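Undergrad: Please find the sequence and the predicted model below.
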Amino acid sequence: MPRYEFSEGTSNKFWEIRLEGTAFVTSYGKIGTSGAETRKEWPNAAVAQKEYDKLVAEKVKKGYQPVGGGKTAPAKAAPAKAAPAKAAAKAAPAAPAKAPAQAAPAAPAASGALRYEFNEGGSSKFWEIEVTGSSFVTRFGKIGTSGQESKKSFGSPADATKESQKLIAEKERKGYQQISGTRPAMATVARKASLGNPELEAAIRANPDADDGYLVYGDWLQANGDPRGQLIALMSAGKKKDAEKLIETHKKTLLPKPPKAGEDDEGDEGGDGYDDFAKGLTWHLGFVKSAKLTMDYDAFESGVNLSGWVKNLLAHPSGRFLRELTLGMMDFEGDNNYGEIIKILEKLHPPLESLFLGDFEFPDENELSWSAIGNASKLWEAVPTLKKVIFQSGGTVKLGDIKAPNLEHFEMRTGGLPKSEIKALAAATWPKLETLKIWFGSSQYGFNGKLDDIKPILDGKGLPKLKHLGLMNAEFTDELAAALSSAKILGQLETLDLSMGTLTNTGAAALAAMAPQLKRLKELNVDDNLVADKKILAPLGAILKYGKQRDDDQDDENEPRYVSVGE
């Protein structure tokens, strides 16, 4: 099967294609994984060959390089962008036919250190830990190098020993093998209960925008010797620097520690990294109001468990009134999956008003198709306070029976939304919804719906408050443009977004013909489509947002056109 690879920055991915008569099979994913596979049937072998060549040219334009027998692009394709040598060297090879080269000789372990090694595919790395008193030193890096060193200090030898045991267990779960050294003995650490007043907390939950509830709670906390009471007073007085100093002084009380991977089910805290995660927190009168959390590759390699940290934050007194949660990258080796986060939300029922899962840049950090939201069917009942939800991922999502009485804004950003989830959106119950944006995506990456699936939306069914509608990144944009002339929803909209799709001159003419109806809008967005002649849309006047258009490479009307975002 012809294979192409792309290595640039943190992106290390492959794409393969195999032609089989009137069909072809594509495989894609991160280098070093088996990836995902899709099969596409065409009317005849000629169309399949033409579509095959078109896909190859598209990948080469994006910078993919043929390897292991990959086919070169057709002559009309733009030259491929060379991947930086540094990034290419960093990429792990994907399941090579030949055995990988033998790793460099291991550097000797530090005296008294427990050493582990991991060898799989192109990965050859080591990890060491040495416990001394109330601290330990870890070393990690590629086998044959001295690696990097980090020292952690704890309140007691028992704390240091317990944390070292958790880190060791984590590495063993990942497949690291012990090479030398002796495991430190396990220690037992008592856990301190947190202070709280359910009655005063209920008053805050009932009216989170009113300061009085926080101030009354602050007085009670100060009377009971809790530093949070003083924090509430400082924040109420606008003494930001003093509040930050107090948080730093009492961070073990006021901040949950980000746990390492493998945290036990009872939520034992581990690791340190207060400062790294505290940067993503926004406070309001002594409590965390919003959390915007992600991690880079180095944090992932060091074993940070972002799901565990979110769990600890929501279970911690500081996170009791969390209203906004935004999560970026969760994983850099497997699927970037948010299913565990959703399970945590379903279990802890936080008073969230805003939830954004998938706040990452694609394709620089991750491809959409490499991420999954998971099963969100119980989320709506578990967190009924939600007013805004954004899901950005591949099409692996289950929305279920959406009953969201307070939701005002919903976006589903994907490169391939299945028919079942399109129907779930069309049948949703959200009487307060004002903004709805759907990215439908490509049939190459999971989209299998059609225009009829969104007829309830076009008819305005169950959408009495809707003002802003985005039907985006769609393979059927021309067909949609023609259907808008009878869409009942138009009469109540302020903005309509048809961007990132496959709108051509044909669809543009249909929009222009209904200019009197569309001029009720404040904006009609057709950016990033395939319209070759802007003049066709001139009748729409000032409401038109034309933006930039892509070239239409379709040579045969039987061939589908490509949306802006698939992979």
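TA: Everything's here; your move.
Undergrad: any idea how far the spatially most distant residue from the centre of the chain is from residue 512?
TA: In the chain, counting by C-alpha atoms, centre = their mean, residue 223 sits farthest out from the average C-alpha position, at 42.5 Å. The spacing between residue 223 and residue 512, counted by C-beta to C-beta, to the nearest Å, is 70 Å. Just so you know, the C-beta spots here come from the backbone N, C-alpha and C atoms, and that holds for glycine as well.
Undergrad: Could you find the closest non-adjacent residue to the residue farthest from the centre of the chain?
TA: residue 229 (7.4 Å; C-beta to C-beta, 6 or more residues apart in numbering).
Undergrad: Look at that neighbour and say how many residues are nearby.
TA: If you count neighbours by other C-beta atoms under 10 Å, residue 229 ends up with 20.
Undergrad: The closest residue in space to residue 249 that isn't next to it in sequence and residue 318, how far apart?
TA: Take residue 249 and drop its neighbours on the chain: the residue closest to it by C-beta to C-beta, 6+ apart is residue 227, 7.8 Å away. Using C-beta to C-beta, residue 227 is found at 11 Å from residue 318.
Undergrad: out of the two, which sits in the busier spot?
TA: Set residue 227 next to residue 318 and count neighbours by other C-beta under 10 Å: residue 318 wins out with 21 against 16.
Undergrad: Looking at the backbone only, give me phi and psi for that one.
TA: phi -70, psi -20 (degrees, to the nearest 10).
Undergrad: before we move on, what about residue 278?
TA: Per degrees, to the nearest 10, the backbone of residue 278 is at phi -60, psi -20.
Undergrad: Return the set of buried residues in stretch 345-355.
TA: 345-346, 348, 350-355 (16 or more other C-beta atoms under 10 Å).
Undergrad: From those, which land in helices?
TA: 345-346, 348 (DSSP state H).
Undergrad: Give me the common contacts of residue 227 and residue 318.
TA: Listed as contacting both residue 227 and residue 318 by C-beta atoms under 8 Å, 6 or more residues apart in numbering are residue 254.
Undergrad: thinking again about what came up before, distance check, the residue farthest from the centre of the chain against residue 288.
TA: Residue 223 is 23 Å from residue 288, by C-beta to C-beta.
Undergrad: Same check on residue 410?
TA: 24 Å.
Undergrad: Then residue 375?
TA: 27 Å.
Undergrad: More neighbours: which of those two?
TA: A direct count of neighbours by other C-beta under 10 Å for residue 375 and residue 288 places residue 288 higher, at 26 against 16.
Undergrad: Please name the nearest non-neighbouring residue to residue 203.
TA: In space, residue 203 is closest to residue 213, 4.6 Å off (C-beta to C-beta, 6+ apart).
Undergrad: so which helix or strand takes in the one you found?
TA: Residue 213 is located in helix 211-223, with elements delineated by DSSP states H and E.
Undergrad: what do you get for residue 39?
TA: Assigned by DSSP H and E, residue 39 falls in strand 36-41.
Undergrad: and that strand, what other elements does it pack with?
TA: In terms of contacts (3 or more C-beta pairs under 8 Å, 6 or more residues apart in numbering; DSSP states H and E), strand 36-41 is packed against strand 23-30.
Undergrad: Run the angle between the strand it packs on and strand 36-41 for me.
TA: 160 degrees (axes from the mean of the first three to the mean of the last three C-alpha atoms, to 10 degrees).
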